[in-house]
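Q: curious how this folds, go ahead:
(chains A and B)
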There are 2 protein chains.
Amino acid sequence: MSLLVIGTMAFDAIETPFAKVDSIIGGAATFITLSASFFVQPVNLVAVIGYDYPQETVDDLVRRGVNIEGLQRKTDQKSFFWAGKYHNDLNTRDTVATELNVLADFDPVLPDSYQGTPFVLLGNLTPSVQMQVIERMKDRPQLIAMDTMNFWMDIALDSLLETIEKVDLLTINDEEARQLTGEFSLIKAGKKILTMGPKYAVIKKGEHGALLFYEDQVFVAPALPLEEVFDPTGAGDSFAGGMMGYLARQGEVTFDNLKNAIIYGSTLASFCVEDFGPRRLLTLTKDEIRQRYLAFQQISAYNQTLI
Amino acid sequence: MSLLVIGTMAFDAIETPFAKVDSIIGGAATFITLSASFFVQPVNLVAVIGYDYPQETVDDLVRRGVNIEGLQRKTDQKSFFWAGKYHNDLNTRDTVATELNVLADFDPVLPDSYQGTPFVLLGNLTPSVQMQVIERMKDRPQLIAMDTMNFWMDIALDSLLETIEKVDLLTINDEEARQLTGEFSLIKAGKKILTMGPKYAVIKKGEHGALLFYEDQVFVAPALPLEEVFDPTGAGDSFAGGMMGYLARQGEVTFDNLKNAIIYGSTLASFCVEDFGPRRLLTLTKDEIRQRYLAFQQISAYNQTLI
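A: Now for the predicted structure:
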C-alpha cells in the first residue's frame, strides 16, 4: 500500500549540551519520508523547498521510493529554517529562530497520481494546511494520521481543533496532550482526545515510551532506554514515519497492527536521536531496524509467576 | 523465608492538589511491612515509635505476620512527624515540616530471633542507622537492599556512600540516581551505581515504570498508567516492600525473580497511590494484587511481527 506524507523540508541549526551544527537538513517530511521508506513504497511526498535544499537529498529520497511529484521547489526563495537550542535534560528546548521563507505561502499540490493513497500522514505543520490536504483528497483515505505541536495550540487553537476533528489518529507528546486537553493524567488526556474526533490517539513520552488509546483500551509501549541521546531533533517525526510506514505496509488498521506500528515508530526514533538531524537515518539498514525491534520486547520480557 | 525491615513509623500531614489530611500514619516501615506481608511471614520489624502511634495499627501488623520484637515504643516522646505538600504534577513535593522526635536518638535493636534473616530491607533512613543494622547482623544475609533519598545526599553524602558500598541492591528514584551519579542518562546512572558497591540497582521512574540493572543487563519494567493518583506518599516504600516481600517469598535471588519482584513492587505502589497514606494497603487483598500483576503484562503485550 502507499502512504501520502505532507510536512516541512527545512534547514535546521541545532545546539545540544554536547555539540552544535549551524546548518543541517531537517523538517518533519525529511524525517518522516526517510523513516517510512524502510517499510513502504511509494511514499507520496507533498512539500515545498527553496533553491537551497540539496538536490542530492531529493535524489536520494527518490532512490528510496519516495514519489516527488508533489514536491514544489521555489527557485527564488530559501527553504524553511529553524534554529533550536536544547536544555541540559534534552527533553526541553528553546526555539532560537524561525524563518518561514517558502512556507509563508505554501499551497500544497496533490497530483492526480496521489489520489486514492490509502494512508495519509499530516506531519507537523500549520493546521489549515493540514486541513487543505484532507479536503483535496477526493476519496476518504483508510487512515489519516496527524502530528502537531504546542506552537499551534498557542497561536491557532481553533483551526487546530477543527483539523483534529477530521483525522483518525493524532500523535502528540505528553506535555502537549496535557495542554490540549487540560488533563494532567495522561490516561484521562488520551481518552479525552478520543472525544475530539480521532478514533486513535498516540501519546509520545520520549524515553519513557508511548501510549496508544482506542475505544476503552490502552496499550503501553515499552521504552528502549538509550545510553546516549545525541540530538532529539526529528525523533517525533521519525516515530510517526515508522509508525505510518509499518501500518501502510500491513495495509490494515487493527489494534494489533497499531501496537506493532508504535514499536516500529519507537525503533526509528531511537535511531534518529543517535546523531545530528537525519544523519543516522541515512546510514540505517533494515536489518538494524529488525534487531532493535526485537530488543524492545526482550528488554521488557519476564516469565509471569503468580503469588 | 523471612524478611527484616528497618524504617520510620511516623505521622504525616499531606497536602495534594485535591485534598489534605492533617495527621495520618505513615513512615517507610509502615508502608513496607504492610506491602511485604502480602508475600512473606514473618516480617521482622526494626523501628521506633512514640506514645502516640496507634496500638491498633501495631496489633494489625502483628495479625498480618509482622514480628514486633524489634519495635521500640518510647512512651515519653512523640513519633516522627513529616508534613509535605505536593505540587500540581504530583511528581514533586516540598517538605513543610520534619520533627524527628523519637528518631533523634534511634538506636536500632536487633533481637536474637532476627539473626539469620536471609533478606534485609533498609528503608529510607539516616545512612548511619542503616549501617548499624548491617553491622549488627552476625551473618551476612542473602540479600541486603537499601532505599534512600536525595535528602541524605545533601546532608550526609559520605556516610551514604559508605552504606551504599555495603549493600547488594539499591533502590532509588530517577532524579536521585542522577544526583548520586552525576549522569543524566539513567542507563549510565544505573551502570555507575553498580560500580559503587551494589550488585543490583533499581531506578524507580514513578508512573513510567522502573529499570533494573545487573551486570551488563537492563530490565525495563513496564509502567501501569493510572487514571487517578490521589497521594504518592509511600509509593516508593510500597514498591520496595512488595519487591523484597516477593524475593523473600521466592527465597532465591535470580534475575528472573528480580524482574517479577519489580512488577510486584510496582503493583503495590500502584495501589498505594489510590488513597491517602496507607489506607488503600489496609483494605487490599491478595486477589486484587494478582489481578493487577496480570494487568501489567497484558497492557504492554503485543504479537511480534518482523518486517
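Q: quick one: pLDDT of A:Glu215?
A: Listed pLDDT for A:Glu215 reads 95.
Q: swap that for A:Thr98, please
A: A:Thr98 carries a pLDDT value of 89.
Q: that one - how many residues pack around it?
A: A count of neighbours around A:Thr98, defined by other Cβ atoms under 10 Å in any protein chain shown, yields 14. Yep, even glycine has a C-beta here, placed from its N, CA and C like the rest.
Q: that one touches A:Trp82, doesn't it?
A: Yes - at 5.7 Å, A:Thr98 counts as touching A:Trp82 under the criterion of Cβ atoms under 8 Å.
Q: can you give me the strands for the stretch 1-150 of chain A?
A: Remark: strands assigned in the stretch 1-150 of chain A by DSSP state E, counting those that start in this stretch are A:3-6, A:10-15, A:20-26, A:43-50, A:66-74, A:80-86, A:93-99, A:119-122, A:143-147.
Q: now distance to B:Leu110 too, for these, in CSV please.
A: Formatted as CSV, the strands of the stretch 1-150 of chain A follow (distance: least, Cβ to Cβ, whole Å):
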stretch, distance to B:Leu110
strand A:3-6, 66
strand A:10-15, 55
strand A:20-26, 57
strand A:43-50, 67
strand A:66-74, 70
strand A:80-86, 50
strand A:93-99, 52
strand A:119-122, 63
strand A:143-147, 58
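Q: and A:Glu183, which of the ones you listed is closest to it?
A: strand A:143-147 (19.4 Å; Cβ to Cβ).
Q: following the closest one, which helix or strand shows up next?
A: Next along the chain after strand A:143-147, taking DSSP states H and E as the criterion, comes helix A:150-155.
Q: around chain B, pick out the residues from the stretch 151-300 of chain A.
A: For the stretch 151-300 of chain A, the residues found near chain B under the criterion Cβ under 8 Å from any Cβ of the partner chain are A:184-188, A:205, A:207-209, A:211, A:218-229, A:246, A:249-250, A:256-257, A:259-260, A:263-264, A:286, A:289-290, A:293-294, A:297, A:299-300.
Q: derive a ChimeraX selection command for the buried subset of those residues.
A: Only the buried entries of those go into this ChimeraX selection, using 16 or more other Cβ atoms under 10 Å in any protein chain shown:
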select /A:185,186,187,188,205,207,208,209,211,218,219,220,221,222,223,224,225,226,229,246,249,250,257,259,260,263,264,289,293,299,300
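Q: inside strands: which ones of the residues of the stretch 151-300 of chain A next to chain B?
A: If you go by DSSP state E, those have A:Leu211, A:Val218, A:Phe219, A:Val220, A:Ala221 in strands.
Q: list the beta-bridge partners for the fourth one.
A: A:Val220 has these beta-bridge partners by DSSP bridges: A:Leu211.
Q: contacting residues around A:Leu306?
A: Contact partners of A:Leu306, counting by Cβ atoms under 8 Å, 6 or more residues apart in numbering or on different chains, are B:Arg290, B:Tyr293, B:Leu294.
Q: could you tell me which of those residues belong to helices?
A: Mapping the contacts of A:Leu306 onto helices (DSSP state H) picks out B:Arg290, B:Tyr293, B:Leu294.
Q: assign a three-state SS to A:Gln304, would you?
A: Under DSSP: H, G, I helix; E, B strand; the rest coil, A:Gln304 falls in the coil class.
Q: who's in contact with the residue lying closest to it once chain neighbours are set aside?
A: Distances taken as Cβ to Cβ, 6 or more residues apart in numbering or on different chains place B:Gln297 nearest to A:Gln304, at 6.1 Å, with adjacent residues excluded. Contact partners of B:Gln297, counting by Cβ under 8 Å, 6+ apart, are A:Tyr302, A:Gln304, B:Pro222, B:Ile263.
Q: just the closest of those to A:Ile32, please.
A: B:Pro222 (27.7 Å).
Q: surely that closest one touches A:Val218?
A: No - contact criterion Cβ under 8 Å: B:Pro222 and A:Val218 do not qualify, at 11.8 Å.
Q: need the overlap of contacts for those two.
A: With Cβ under 8 Å, 6+ apart, B:Pro222 and A:Val218 have common neighbours B:Ile299.
Q: OK, now which residue of the stretch 1-150 of chain A is nearest to chain B?
A: Residue nearest to chain B within the stretch 1-150 of chain A (Cβ to the nearest Cβ): A:Phe39, separated by 6.2 Å.
Q: tally of neighbours for the closest residue to that residue other than its chain neighbours?
A: Spatial nearest neighbour of A:Phe39, chain neighbours left out: A:Gly245 (3.2 Å); criterion: Cβ to Cβ, 6+ apart. Using other Cβ under 10 Å, A:Gly245 is surrounded by 30 other residues.
Q: residues contacting A:Gly245?
A: Applying Cβ under 8 Å, 6+ apart, the residues near A:Gly245 are A:Leu3, A:Ser35, A:Ala36, A:Ser37, A:Phe38, A:Phe39, A:Val40, A:Val43, A:Tyr264.
Q: turn the residues you listed into a markdown table, including distance to A:Leu71.
A: Listed next are the contacts of A:Gly245 as a markdown table, based on distance: Cβ to Cβ, whole Å:
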| residue | distance to A:Leu71 |
| --- | --- |
| A:Leu3 | 15 |
| A:Ser35 | 17 |
| A:Ala36 | 15 |
| A:Ser37 | 14 |
| A:Phe38 | 20 |
| A:Phe39 | 20 |
| A:Val40 | 18 |
| A:Val43 | 11 |
| A:Tyr264 | 25 |
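Q: and the two most separated of those?
A: Using Cβ to Cβ, those span at most 14.8 Å, a distance reached by A:Val43 and A:Tyr264.
Q: what's the weakest-modelled helix or strand in chain A?
A: strand A:93-99 (a mean of 89; mean pLDDT, DSSP states H and E).
Q: neighbouring strands - and their directions - for it?
A: In the sheet, strand A:93-99 lines up against strand A:80-86 (antiparallel) (DSSP bridges).
Q: how far is the strand it pairs with from where the chain is centred?
A: From the chain centre to the centre of strand A:80-86 is a distance of 17 Å (Cα atoms, centre = their mean, to the nearest Å).
Q: restricting to C-alpha, output that strand in CSV.
A: C-alpha atoms of strand A:80-86 as CSV (Å, rounded to 0.1, in the frame of the first residue of the first chain):
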residue,chain,number,x,y,z
PHE,A,80,12.2,27.0,5.8
PHE,A,81,14.8,27.4,8.6
TRP,A,82,14.6,26.5,12.2
ALA,A,83,17.2,27.1,15.0
GLY,A,84,16.8,25.5,18.4
LYS,A,85,18.8,25.0,21.5
TYR,A,86,18.3,22.1,23.8
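Q: which SS class is A:Ser266?
A: Here A:Ser266 is recorded as helix under three-state DSSP.
Q: over to the one 3 residues further on?
A: Here A:Ala269 is helix, with the state taken from three-state DSSP.
Q: if I pick it, what's in contact with it?
A: Contact partners of A:Ala269, counting by Cβ under 8 Å, 6+ apart, are A:Ala235, A:Gly236, A:Ser238, A:Phe239, A:Gly242.
Q: if you set the cut-off to 6 Å instead, what comes out?
A: A:Ala235, A:Ser238, A:Phe239 (Cβ atoms under 6 Å, 6 or more residues apart in numbering or on different chains).
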